[in-house]
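K.L.:
here are the coordinates; sequence isn't available:
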């Protein structure tokens, strides 16, 4: 499902292979495949990056390594710099949703830049970009792990693709909902057994007690199978307690 | 800025201290502080978790350790299980935006559950939850790193808090925009020097060439300072090339 129009991810002077590998993994998780490394401190390839990528680096991610950011930007028609720090540069500032929209609104190939672990992107790198991406961080603890910063953008990209992951077409909640008459039959069964058990006391409170029970139970949005299961449970509890002579059905 | 109404993050049988620490870091990045561990494989405290947390574990994250998920859910009034796999259980299925909305729509304290690295959440844990959170993953490479999964939710929480991180109140792009007359003055200066340099050829193309240049340059949304800088650049290029006798001003 690699999307050739998905933006490239550029890591500027990344230090730790662990973070490069984790970034590759989360890119592929959300359908991005074009990873560009500018001067990775510990060289390339990196066994530790491969281990952390959980297979992404052999399975779909295409890595290119460059000496300079300028070379790594070849082919890009739009670039966004990720930073937590205002730079005093005149750029539009986007959140993750806005950055994804900006990429989608433009023809051509976009790149999203992330700075290295130690000090982020230098101003010279930000100046080469059209816009800034920043996250709604805690001002008292604002420094994100590099791969986490990549992951937040990539998740937003995946969300914009409109696909539902592994739930697609086989979502939860597809069991047939119980009809109102099934539900009311279940209530009446429950209430009849409660009546026999002397639960409704004093008798004049019976209507309000029934209303409260029904109001709570109805919120569970029962399926047909769940109604059968619950009626079986009522029968099991009441078996041998008097008139009830039923077998567990479900 | 810790938000006492922010949901708890519950890690069910996490294996690697690295991931616990990384989860703690990204929680605090986005203002969550209540971290509950159910049977962490390698025990607690964990020096490697502390190292990976970049200070979060000593600085704002409150960790509690429990033997069972049931105990860890004490005090929660609403719980969401994060999973990439359909379970055949009747639950609402949310994306990250939907999960944050669901938490915000309810009074009380919510918890978001994440399963361990090896096999995620068991069905018994999902059954204890009100709803499911899932991400728009690549179906061919769907397994997220545990801390990344935590990070995606936490970012969405931070976004819903409506704070702008370190850009708040000091956004980029606040330099005074150039007035139209400043901009037109810059264009006329530029075009006059181009005229002197013999750039407009053939002469009958001059109007369309000027239109094209102005159309491109105007898109840059100049500030007053940038107009001054660019006029200085024009002067520098033309100095000594004829009538221009000016000093660099900016």
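P.N.:
In hand now; what should we look at? Treat the numbers as computed from the prediction; the structure is a model and nothing was measured.

K.L.:
what bits of chain A have low per-residue confidence?
P.N.:
Flagging of chain A using pLDDT under 70 yields the residue ranges A:1-4, A:163-166, A:168-174, A:242-250.

K.L.:
which helix of chain A spans the most residues?
P.N.:
helix A:180-196 (DSSP state H).

K.L.:
elements contacting that helix?
P.N.:
helix A:206-218, helix A:224-238 (3 or more Cβ pairs under 8 Å, 6 or more residues apart in numbering or on different chains; DSSP states H and E). To be clear about C-beta, it is placed using only N, CA and C from the backbone, and glycine gets the same treatment.

K.L.:
deepest of those helices, which one?
P.N.:
helix A:224-238 (a mean of 16; mean count of other Cβ atoms under 10 Å in any protein chain shown).

K.L.:
tell me if that one is near chain B.
P.N.:
Yes - counting by Cβ under 8 Å from any Cβ of the partner chain, chain B has neighbours in helix A:224-238: residue A:226.

K.L.:
quick one, that helix and helix A:180-196 angle?
P.N.:
Interaxial angle of helix A:224-238 relative to helix A:180-196 (axes from the mean of the first three to the mean of the last three Cα atoms, to 10 degrees): 10 degrees.

K.L.:
next one: the spatially most central residue of chain A from chain B, what distance?
P.N.:
Centroid-nearest residue in chain A, with Cα atoms, centre = their mean: residue A:155, separated by 6.7 Å. Going from residue A:155 to chain B by Cβ to the nearest Cβ, to the nearest Å gives 5 Å.

K.L.:
partner residues bridging the spatially closest residue to residue A:106 that is not a sequence neighbour?
P.N.:
The spatially closest residue to residue A:106, leaving aside those adjacent along the chain, is residue A:78, at 5.1 Å (Cβ to Cβ, 6 or more residues apart in numbering or on different chains). Assessed by DSSP bridges, residue A:78 has beta-bridge partners residue A:110.

K.L.:
neighbours of residue A:78, how many?
P.N.:
A count of nearby residues for residue A:78, using other Cβ atoms under 10 Å in any protein chain shown, gives 18.

K.L.:
so it sits against residue A:130, correct?
P.N.:
Yes - under the criterion of Cβ atoms under 8 Å, residue A:78 makes contact with residue A:130 at 5.6 Å.

K.L.:
packing partners for the helix or strand hosting residue A:10?
P.N.:
Following DSSP states H and E, one finds residue A:10 within strand A:8-12. Counting contacts by 3+ Cβ pairs under 8 Å, 6+ apart, strand A:8-12 is packed against helix A:17-29, strand A:34-38, helix A:69-72, strand A:110-115, helix A:146-160.

K.L.:
that strand pairs with which strands?
P.N.:
In the sheet, strand A:8-12 lines up with strand A:34-38 (parallel), strand A:110-115 (parallel) (DSSP bridges).

K.L.:
run a quick neighbour tally on residue A:77.
P.N.:
The burial count for residue A:77: 12, using other Cβ under 10 Å.

K.L.:
what residues are up against it?
P.N.:
A:106, A:107, A:108, A:109, A:110 (Cβ atoms under 8 Å, 6 or more residues apart in numbering or on different chains).

K.L.:
and the contacts of the longest helix of chain A?
P.N.:
By Cβ under 8 Å, 6+ apart, helix A:180-196 touches A:178, A:200, A:206, A:210, A:213-214, A:217-218, A:222, A:224, A:227, A:230-231, A:234, A:237-238, A:241-244.

K.L.:
hmm, residue A:159 is touching residue B:96, no?
P.N.:
Yes - taking Cβ under 8 Å as the definition, residue A:159 is a contact partner of residue B:96 at 7.4 Å.

K.L.:
what's the neighbour count on residue A:68?
P.N.:
Going by other Cβ under 10 Å, the residues that sit close to residue A:68 add up to 10.

K.L.:
please read the previous query as pertaining to residue A:52.
P.N.:
Neighbours around residue A:52, by other Cβ under 10 Å: 23.

K.L.:
backbone torsions only: list them for it.
P.N.:
phi -70, psi -20 (degrees, to the nearest 10).

K.L.:
for stretch A:50-60, which positions count as buried?
P.N.:
A:50, A:52, A:53, A:54, A:56, A:57, A:60 (16 or more other Cβ atoms under 10 Å in any protein chain shown).

K.L.:
is that stretch up against chain B anywhere?
P.N.:
Yes - using Cβ under 8 Å from any Cβ, stretch A:50-60 reaches chain B at A:54, A:55, A:56, A:59, A:60.

K.L.:
which ones are touching the residue nearest to residue A:106?
P.N.:
Residues counted as contacts of residue A:78 (Cβ under 8 Å, 6+ apart) are A:102, A:103, A:106, A:108, A:109, A:110, A:111, A:130.

K.L.:
so the third one, which of the three states?
P.N.:
Reducing the assignment at residue A:106 to three states with DSSP: H, G, I helix; E, B strand; the rest coil gives coil.

K.L.:
can you tell me the closest non-neighbouring residue to residue A:75?
P.N.:
Residue A:75 sits nearest to residue A:109 (Cβ to Cβ, 6+ apart), 5.7 Å away.

K.L.:
before we move on, what about residue A:136?
P.N.:
Residue A:136's closest residue in space is residue B:158 (Cβ to Cβ, 6+ apart), at 4.1 Å.

K.L.:
OK, contacts around that neighbour?
P.N.:
A:135, A:136, A:137, A:138, B:29, B:30, B:31.

K.L.:
on that earlier part again, can you turn the buried part of the contacts of residue A:78 into a ChimeraX selection?
P.N.:
The buried subset of these, as determined by 16+ other Cβ under 10 Å, is captured in ChimeraX by this line:
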select /A:102,103,109,110,111
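
K.L.:
so which of the contacts of residue A:78 comes closest to chain B?
P.N.:
Using Cβ to the nearest Cβ, residue A:130 comes nearest to chain B of those, at 10.3 Å.
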